[in-house]
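Asks: turn this into a structure:
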Amino acid sequence: MRIVIALGGNAILRKGEKGSPEEQWSNVRRTASLIAKTFQQDEIIITHGNGPQVGYLLEVMNMAKGYPSQSMDLADAMTQGWLGFMLQMALEEAFQGRRRAVAIITRTLVDANDPSFKNPTKFVGAYFSEAEAKRLSSEYGWTFKQDPRGGYRRVVPSPEPLDILESDLIEELAREGMVVISAGGGGIPVMRTPEGLRPVEAVVDKDLASSLLAVKLKADLFIILTDVRGVAIGFGKPNERWLDEVSADELEEYYRKGEFPPGSMGPKVLAALRFVRSTKKIAMIGSLDELPEVVRGSSGTRIRP
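Replies: Numbers count the residues shown, from 1 in each chain. Take a look at the predicted model:
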């Protein structure tokens, strides 16, 4: 089978951690071990988020005294290299020499006229107080919004992914048996101009880009891993109900009713729906720590055509 696995942020950094190299290596090795134990001979394509890391880099690069400010596309590329390297090392270690892993710096095509450029909504970086956010906004021209999870965070445009430019290379490497790490952080957003491809200051949603990649690769299975057990309606309310298996029609109806907020489960549900609608194959959403159970169907949410 050809399987696309979209890793959540907890694959690299868990709640309450500060992001030390030791914490990151521990998390990445745990993730790689789960993948290696669950999938043996399958073609594996892995994607991952980069929100905390790209936000951290932007803050460091823009606040460093005596050095010129750097652009978001460079931070996107740096985090793809950073996290791709860690996953590559950990996966080869977990497969104990049976599989090679390779990380590809991936570009995602977006439209220069995407409405998100006028209304940035994607949270990146650390949490700040309201006073700190106002100071940084004044000093660097950044836009801040209050994060429902607490505090104020920088927001950037999140345009719709139109194409994954390295998808042909990803497919070729997967066919050769490589475990491919790609589309990190949703890929580096680029747009077409009369002068050719040019990078743009934005962050593409990782799950939507992963779904597009899975469709282009004609994947047999698309798995989105996160830090909760699956998809629930009435999440956090007295009427909370977890969905073990659901049709795309039923899930889309819940989505339209606003059951899944944009800042949390919304993009994951939309990504799963797009894959199922386009391929007539199965998508799964579940906890990273329960990956084997998610694949077996004893945990997580299974979305069927």
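Asks: phi and psi next, for residue 16.
Replies: Torsion angles at residue 16 (phi, psi; degrees, to the nearest 10) stand at phi 90, psi -10.
Asks: could you do residue 31 as well?
Replies: Torsion angles, degrees, to the nearest 10, at residue 31: phi -60, psi -50.
Asks: now residue 191
Replies: Here is the backbone geometry of residue 191 (degrees, to the nearest 10): phi -130, psi 160.
Asks: quick one: residues contacting it.
Replies: Contacts for residue 191 were tallied using Cβ atoms under 8 Å, 6 or more residues apart in numbering; they are 109, 110, 111, 112, 197, 198, 200. C-beta here means a position set from N, CA and C on the backbone, and glycine is covered the same way.
Asks: do the same with residue 87
Replies: Residue 87 neighbours (Cβ under 8 Å, 6+ apart): 28, 31, 32, 46, 48, 101, 103, 181.
Asks: quick one: average confidence on the helix or strand where it lies?
Replies: Taking DSSP states H and E as the criterion, residue 87 maps to helix 72-94. Across helix 72-94, pLDDT averages out at 95.
Asks: and what of stretch 201-220?
Replies: Rounded mean pLDDT across stretch 201-220 is 96.
Asks: where along the chain do the helices fall?
Replies: For the chain, applying DSSP state H gives helices covering 21-38, 51-63, 72-94, 130-140, 167-175, 206-216, 248-256, 266-279, 291-296.
Asks: the fifth one versus helix 206-216: what angle between them?
Replies: For helix 167-175 and helix 206-216, the angle between their directions (axes from the mean of the first three to the mean of the last three Cα atoms, to 10 degrees) works out to 70 degrees.
Asks: follow-up on the earlier one: so which two of the contacts of residue 87 are the farthest from each other?
Replies: Within the contacts of residue 87, 31 and 103 form the most distant pair, 14.2 Å apart (Cβ to Cβ).
Asks: could you tell me the per-residue confidence at residue 31?
Replies: 97.
Asks: number the chain from 38, please
Replies: Yes, from this point I'll number from 38; that puts the last item at residue 68.
Asks: just give the nearest non-adjacent residue to it, would you?
Replies: For residue 68, ignoring the flanking residues on the chain, the nearest one in space by Cβ to Cβ, 6 or more residues apart in numbering is residue 48 at 4.3 Å.
Asks: sorry, back to before: which one of the contacts of residue 124 sits in the busiest neighbourhood?
Replies: Highest neighbour count within the contacts of residue 124: residue 85, with 30 neighbours (other Cβ atoms under 10 Å).
Asks: on that earlier part again, can I get the contacts of residue 124 in a markdown table with distance to residue 212?
Replies: What follows is the contacts of residue 124, written out as a markdown table (distance: Cβ to Cβ, whole Å):
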| residue | distance to residue 212 |
| --- | --- |
| 65 | 25 |
| 68 | 24 |
| 69 | 21 |
| 83 | 16 |
| 85 | 21 |
| 138 | 15 |
| 140 | 17 |
| 218 | 16 |
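Asks: which one of the residues you listed sits closest to residue 199?
Replies: residue 85 (20.6 Å).
Asks: can you tell me how far the closest one is from residue 155?
Replies: Going from residue 85 to residue 155 by Cβ to Cβ, to the nearest Å gives 28 Å.
Asks: ok, residue 253 next?
Replies: 28 Å.
Asks: which of those two has more neighbours?
Replies: Neighbour count, other Cβ under 10 Å: between residue 253 and residue 155, residue 253 has more, with 16 against 8.
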